[in-house]
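# Could you work out the structure for the sequence below:
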Amino acid sequence: MNKESGFTKNDVEINAEGTMLRGWIYLPQRDDITPIPAIVMAHGYAGLKEMFLEPYAEKFATNGFAVLLFDHRNFGDSDGTPRHEIDPWQQLEDYRHVITYASSLPQVDSNAIGVWGTSYSGGHVLVVGATDKRVKCIVSQVPTISGSKIAQRRVNGEALTELLSSFAEDRLNRQRGEDPVYYSVVPGGEFENSVYKSKDAIEFYLKGSEKFINKVTLRSIELSRGYEPGAFIANISPSPLLMLVAKNDFITPTDLSLAAYEQALEPKKLVLISGGHFDPYKKYFDQSSSEAVEWFKTHLFNWQ
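Residues are numbered from 1 along each chain as shown. From the prediction side, this is the model:
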């Protein structure tokens, strides 16, 4: 047990129907044994739980929530193969596995479970919130809204033709038993091609954790192109939705998030955060975390 100020933090293993997901459970230190609300949370694209998420989990725990922060399968401490492959539909299914685990804990009020996601997982929680009504509150930070629209903005013309050809070749080679093709997440890895190239992305990934491995399968990129979590947003209601959107986000574009928010039904709240995609984690952590805490407090402690 690792005791922190106002809460305990312990390792946890969750059986996701044969694949072990690993993470941390945070529990507030208190004398009352009444079950409390829980928040399930995970990182975005190729992110690890150690990469700027611990302060959020700690803040949630100090405000009276049980928190389950986990690594996605194929990443970090969780099991799963191929390593460093991101299947968005499998990741949101794993959110459901962790929700199931949380609801089984005697410390947790199974009728007061919320989900928090950021970037790619900000899209995941939109889908989970819309399709799994065990979830009573959703916080989506700088979310992925439309993989296809993002892809159209990033790659076109001859480069798109080459990329689509590489997808087909990779699938053929993998069917033959060969290893997956990998990209670097950001420049500086062992692979020539990279997913993100901006200075802020490089700093975020390479300085986020010593455990971060700078690689992701090519199929992860292919799968992202067909991922449309924003299509589910109107179905979240009547569960309450908070969206935290960066004003100058070029990773998960601001305009796509704002348009999706207009499609969401009440109850909902939009908070605009200055800066770009990676600024909520550090520069504007106080704002992004405080808004999330207040939303969860309002809708989980007073859930009916």
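# need the helices for the stretch 151-300 of the chain, in chain order.
For the stretch 151-300 of the chain, the helices defined by DSSP state H, counting those that start in this stretch cover 157-175, 199-206, 218-224, 254-263, 285-296.
# okay, those helices, which one's buried deepest?
helix 218-224 (a mean of 21; mean count of other C-beta atoms under 10 Å). In short, each C-beta sits where N, CA and C put it, glycine included.
# circling back: out of the helices of the stretch 151-300 of the chain, flag the one nearest Asp132.
Nearest to Asp132, of all the helices of the stretch 151-300 of the chain, is helix 285-296, at 16.9 Å by C-beta to C-beta.
# Next one: Ser257 from Ala264, what distance?
11 Å (C-beta to C-beta, to the nearest Å).
# ok, back up a step: right, and the helices of the stretch 151-300 of the chain - which one's nearest Pro55?
Nearest of the helices of the stretch 151-300 of the chain to Pro55, taken as C-beta to C-beta: helix 285-296 at 6.2 Å.
# which ones are touching Gly123?
Taking C-beta atoms under 8 Å, 6 or more residues apart in numbering as the criterion, Gly123 is in contact with Pro88, Gly117, Ser140, Pro143, Thr144, Ile145, Tyr227, Pro229, Gly230, Thr252.
# low pLDDT regions in the stretch 101-250 of the chain?
The stretch 101-250 of the chain contains no residues with pLDDT under 70.
# Span of stretch 139-152 from start to end?
Using C-alpha to C-alpha, to the nearest Å, one end of stretch 139-152 lies 27 Å from the other.
# how about CSV for the helices of the stretch 151-300 of the chain, with distance to Asn74 added?
Below are these laid out as CSV (distance: least, C-beta to C-beta, whole Å):
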stretch, distance to Asn74
helix 157-175, 15
helix 199-206, 16
helix 218-224, 9
helix 254-263, 26
helix 285-296, 27
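# Now Arg174. Nearest residue, chain neighbours left out?
Leaving out its chain neighbours, the residue that sits closest to Arg174 by C-beta to C-beta, 6 or more residues apart in numbering is Pro180, at 6.0 Å.
# Next up, the contacts around the one you found.
Residues in contact with Pro180 (C-beta under 8 Å, 6+ apart) are Pro82, Glu85, Asp170, Arg174, Thr217, Leu218, Arg219.
# Make sure the fifth one is actually in contact with Pro82.
I take that to be Thr217. Yes - with contact defined as C-beta atoms under 8 Å, Thr217 counts as touching Pro82 (5.9 Å).
# Please say which of the two ends up with more neighbours.
Between Thr217 and Pro82, counted using other C-beta atoms under 10 Å, Thr217 has the larger neighbour count: 22 against 14.
# In strands, which of the contacts of Gly123 fall?
Under the assignment DSSP state E, the contacts of Gly123 contribute Gly117, Ser140 to strands.
# Could you pull up phi and psi at Ile236?
phi -70, psi -40 (degrees, to the nearest 10).
# neighbours of it, just the number please.
The burial count for Ile236: 25, using other C-beta under 10 Å.
# Kindly provide the distance from it to Asp132.
From Ile236 to Asp132 the distance is 11 Å (C-beta to C-beta).
# Is the most centrally placed residue in the chain within a helix or a strand, and which one?
When C-alpha atoms, centre = their mean is applied to the chain, the residue found nearest the centroid is Ser121 (2.4 Å). Element membership for Ser121 (DSSP states H and E) is helix 120-131.
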